[in-house]
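In: Predicted coordinates and the sequence they were generated for:
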Amino acid sequence: MKLTEAASGGILILDIETSPTLTYTFGMRPKWISPEKIVEPSRMLCFAAKWYARPRIHYASEYHHSHEAMVEKAWTLLDQAAIVVTFNGIGFDLRHLRREFHLAQMPPPRPWKDVDLYREAKRSFDYESHSLNHLAQRLGVGEKSQTGGFDLWRGCLARERAAWATMKAYNIADVELTERLYDRMRGWLPSHPHHGTGDEARCNQCGSSDLERVGTTLAQVITYVLYRCRACGANVRGGFHSRQATTRGVR
C-alpha cells in the first residue's frame, strides 16, 4: 500500500555513497591496518534522498557541488525528517553522515525514528540473502543498477565526468528501489514508528484508518484490542481491553 502525499510528510528515503579508505599495506590480505598507514580516510562522495510518495529527488555530491554544500544539504533534510527509511542505514549510511556533521562542527540534526529495511528483513524473513538486490528481485520490485565494479569509484576519484554521471544514476536508483521495497514490506514492520494523527485510530505502518477489529492480543498481564489494517495487512494493537492477571512472575 502506498501512502498518499498528505499522509507521508516527514518520511525521508536516503542512501549515500562513500569513497574507499586509501592506505599503505605490506600484503594483499592485511589482518589489520593501523591508523598511521592511512593516506586518505573515507568520506561521503554523494547522497540521494526523497520524501516518501513525492516525485522530487534530492541529490548532492562533492563533484556537482562542493563537499561542504553536500554535507549541509544532507543535514538540512535529516533535520526535517520524522522518520528515515534506509537499507542498512543504521550500520552504515547514518554513521558516515554523523561523522561528516561532526567533522564540519555542525550540531546534531533533530532526532528522528529509523526504519532500516535490512534489519527488518533479517529479523522477519529467512531469505537466501538479505541484500537489497536479492530482496528486491525476490519481491518483484526491481533490481539494483549495475556499477561496473570498482572502476566506477576509481573514475569518480579521478573526477571523470562519465563516472560521476553513472554514480549519480546509481545512487538515485537505489533510493527509488528502497522506496519500492518499503512499500512491499508494509504490514511486516511491527516496530514502525506511528505517523498518523492522534484524532483516530490508524495503522502505525501505513497510516490508514481502515482498520478491522479481529479480536484481542495478550501482553504480559493485559489484553489489548487487535485490529488488522485493510490497506497493508498489518496487525496493530489498540487500547487497553482488560487485565488478565493480578500477579506477575519474578526472577
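Out: Structure's in. What do you need?
In: okay, residue 200: pLDDT?
Out: pLDDT, residue 200: 77.
In: So it, which state does it fall into?
Out: The three-state assignment at residue 200 reads coil, by DSSP: H, G, I helix; E, B strand; the rest coil.
In: so what's the residue most central in space within the chain up against?
Out: For the chain, residue 86 is the residue whose C-alpha lies nearest the centre (C-alpha atoms, centre = their mean; 1.1 Å). Taking C-beta atoms under 8 Å, 6 or more residues apart in numbering as the criterion, residue 86 is in contact with 13, 14, 15, 93, 94, 114, 115, 116, 117, 118, 178. Where you see a C-beta, it was placed from the backbone N, CA and C, and this is true even at glycine.
In: which among these end up buried?
Out: 13, 14, 15, 93, 94, 115, 116, 117, 118, 178 (16 or more other C-beta atoms under 10 Å).
In: How about residues contacting the host helix or strand of the first one?
Out: Okay, so that is residue 13. Using DSSP states H and E, residue 13 sits in strand 11-18. Residues from elsewhere that reach strand 11-18 (C-beta under 8 Å, 6+ apart): 3, 42-53, 74, 77-78, 80-87, 89, 93, 96-97, 112, 167, 170-171, 174-175, 178-179, 182, 195.
In: Out of these, which end up buried?
Out: Neighbour counting by 16+ other C-beta under 10 Å classes 3, 43-53, 74, 77-78, 81, 83-87, 89, 93, 96-97, 112, 167, 170-171, 174-175, 178-179, 182, 195 among these as buried.
In: ok, back up a step: give me the subset of the buried ones among the contacts of residue 86 lying in helices.
Out: The helices, defined by DSSP state H, take in 94, 117, 118, 178 from those.
In: So what touches the following helix or strand past the strand holding residue 13?
Out: Following strand 11-18 in sequence order, the next helix or strand is strand 22-23 (DSSP H and E). If you take C-beta under 8 Å, 6+ apart as the criterion, strand 22-23 is touched by 33, 37, 38, 39, 40.
In: Now which of those would you call buried?
Out: By 16+ other C-beta under 10 Å, these give no buried members at all.
In: Considering those, which is situated nearest to residue 213?
Out: The nearest member of those to residue 213, counting by C-beta to C-beta, is residue 33 at 58.0 Å.
In: pLDDT below threshold where in the chain?
Out: Where the chain drops to pLDDT under 70, the residues are 1-9, 196-199, 218-221, 240-250.
In: could you redo the last one with a cut-off of 90?
Out: In the predicted model of the chain, residues 1-9, 30-31, 146, 148, 190-191, 193-228, 230-251 satisfy pLDDT under 90.
In: Which parts of it are strands?
Out: 11-18, 22-23, 38-40, 44-51, 58-61, 83-86, 113-116, 211-218, 222-229, 235-243 (DSSP state E).
In: Identify whichever of those strands lies nearest to residue 142.
Out: Comparing the strands of the chain by their distance to residue 142 (C-beta to C-beta), the top pick is strand 11-18, with 14.1 Å.
In: now that closest one against strand 44-51, angle please.
Out: Angle, strand 11-18 to strand 44-51, by axes from the mean of the first three to the mean of the last three C-alpha atoms, to 10 degrees: 170 degrees.
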